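In: Any chance you can model this:
(one chain, ligands or ions: 1)
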Amino acid sequence: MAQWDALVDAALGGLASRSLLRATRPIALAPPPAPPETFPGPGTWDRAAVEIRLDRETLRQWLAEGGEASDKEEELGEKLILFSGNDYMGLSSHPAIREAAAKAAQEYGMGPRGSALICGYTTYHKLVEESLAELKKKEDCLLCPTGFSANMAVMTALGSISSLLAVGRKPTKDERIAIFSDALNHASIIDGIRLLERQQEAVAFVYKHCDMTHLDFLLSNCSTEKKVVVTDSLFSMDGDFAPLPELVELRRKYGFLLVIDDAHGTLVCGENGGGAPELFECENDIDISVGTLSKAAGCQGGFVACSTRWKRLIQSRGRSFIFSTALPVPVVASVHAALYVSRKEEWRRSLIWRHVQYFASLTKLNITSPIISIVVGSEEAALAAGRFSLSSIFIY
Ligand SMILES: Cc1ncc(COP(=O)(O)O)c(C=O)c1O
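Out: Numbering: from 1, shown residues only. Take a look at the predicted model:
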């Protein structure tokens, strides 16, 4: 988007003139060992990703918290099947991921302990950034400590454009950016926007969940030039997708910057696991794609896939990136292995969607993703349903 590219370039120019441009300098480590072994189907380790063991005392406590009668205690088992985790592909327990983490820990410990701009950035981090940029079909990528911090870093970098390009000390109303945010966006986006509002760098508009008519209305009534739309791609609570094709249409109409949080789509959606934009065939229309490595990748960390100019701005102004310790090498090594396994063991991705279809056929629920929310009514009813599941269905 030429208008936004020019704005970022101007902001980068302002930073350069004040010697405030920051760049990572990778510490050279030996390249990762040969590619790990991959498998044509599920292994025994895959059960470990969904089966958890609880000691009786914890289980008793959980039930007691809900006021459940204890007369069924002798019937209680200790193993539970976990339906609530985000380890969509079971990669957290995959031998390749365990081995990569263990080997790197043996070699490097949990280091290097420092922010990426000081001493926390290595050639391993660089390698993973390159893989993620390729996966997301973007020029570049920036690894962050978590998905939460990745969203915060994008938001503060966005706000910095208003401040850096303001004529006076504080951006005037017209100099601020206008951010349009879906009502059900993740807390990290909401907090980032609140921060920008407090710093008078942005004016925020919340549109009704996935309501493109409402968004269109808000956009058409906004005279601010610098417009941004930010949305989760796959919503973490309701499990529905943002209407990306319609958002792309509106982007063409209004020329806004489109930022998505693809935390739940990454590795899960699209043939290659490129995420929701791959599924909806609109990768080139997404300007900034944020993600986490703590869900389908089965590891830890966050990232921002974007253009090189945006990366330069985020790493120079994204405070949650700059002032936080970078991911330790064993975690980055495990992410490297997870991305490899995800490419090779495509059956994992197919299996998720087969399970989604199977569950939909069993329950006749209108399900479109692996996040399934069963609305039972009040909060009390939801808690009671949880207790019921805990005490009678999933324990064996
Ligand atoms: C939509 C969404 N964005 C961001 C995050 C934050 O990611 P992380 O857990 O890596 O901080 C989460 C969940 O944790 C999420 O559901």
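In: Quick check: the nearest residue to Leu327 once chain neighbours are set aside vs Arg60, distance?
Out: Sequence neighbours aside, Gly301 is the residue nearest to Leu327 in space, at 4.8 Å (criterion: CB to CB, 6 or more residues apart in numbering). C-betas here are computed from N, CA, C, even on glycine. Gly301 sits 36 Å away from Arg60, going by CB to CB, to the nearest Å.
In: if you count what's nearby, which of those two comes out ahead?
Out: Neighbour count, other CB atoms under 10 Å: between Gly301 and Arg60, Gly301 has more, with 26 against 15.
In: Without its sequence neighbours, what residue ends up closest to the residue of the chain found nearest the ligand?
Out: Taking CB to the nearest ligand atom as the measure, the chain has Gly147 as its residue closest to the ligand, at 2.5 Å. Excluding the flanking residues, the one nearest Gly147 by CB to CB, 6+ apart is Thr292, at 3.0 Å.
In: Ser236 now?
Out: In space, Ser236 is closest to His264, 5.7 Å off (CB to CB, 6+ apart).
In: for Pro112, helix, strand, or coil?
Out: coil (DSSP: H, G, I helix; E, B strand; the rest coil).
In: Excluding chain neighbours, what is closest to it?
Out: With CB to CB, 6+ apart, the residue lying closest to Pro112 is Cys119, at 4.9 Å.
In: Tell me, how many residues neighbour that neighbour?
Out: So Cys119, with other CB under 10 Å, has 14 neighbours.
In: Surely it touches His125?
Out: No. When contacts are counted by CB atoms under 8 Å, Cys119 is not listed as touching His125 (11.6 Å).
In: contacting residues around the residue nearest to Leu234 when sequence neighbours are not counted?
Out: In this structure, Leu234 finds its nearest non-sequential neighbour in His264, 4.1 Å apart by CB to CB, 6+ apart. Residues counted as contacts of His264 (CB atoms under 8 Å, 6 or more residues apart in numbering) are Asn86, Asp232, Ser233, Leu234, Phe235, Ser236, Lys295, Ala296, Ser369, Ile371.
In: Of those residues, which are in range of the ligand?
Out: By CB under 6 Å from any ligand atom, the members of the contacts of His264 lying near the ligand are Asp232, Ser236.
In: out of the contacts of His264, which is most surrounded?
Out: Most crowded among those, counting by other CB under 10 Å, is Ala296 at 30 neighbours.
In: residues near Gln357, how many?
Out: 11.
In: so which helix or strand takes in it?
Out: Gln357 belongs to helix 346-363 when assigned by DSSP states H and E.
In: list the helices and strands that helix packs on?
Out: If you count contacts as 3 or more CB pairs under 8 Å, 6 or more residues apart in numbering; DSSP states H and E, helix 346-363 packs onto helix 329-344.
In: Any residue of the helix it packs on touching the ligand?
Out: No. Judged by CB under 6 Å from any ligand atom, helix 329-344 stays clear of the ligand, getting no closer than 11.5 Å.
In: about what we covered before: got a pLDDT number for the residue nearest to Leu327?
Out: On pLDDT, Gly301 comes in at 98.
In: again with the one 4 residues further on
Out: Predicted confidence (pLDDT) for Ala305: 98.
In: What distance do you get for it to Glu99?
Out: Taking CB to CB, one finds Ala305 at 27 Å from Glu99.
In: the more surrounded of those two?
Out: Legend: neighbour count by other CB under 10 Å for Ala305 and Glu99, higher for Ala305 (31 against 16).
In: Who are the contact partners of the residue nearest to the more buried one when sequence neighbours are not counted?
Out: With sequence-adjacent residues excluded and distances taken as CB to CB, 6+ apart, Ala305 is closest to Lys136, at 3.6 Å. For Lys136, the contact set (CB under 8 Å, 6+ apart) comprises Asp262, Gly274, Gly275, Pro277, Glu283, Ser289, Gly291, Ala305.
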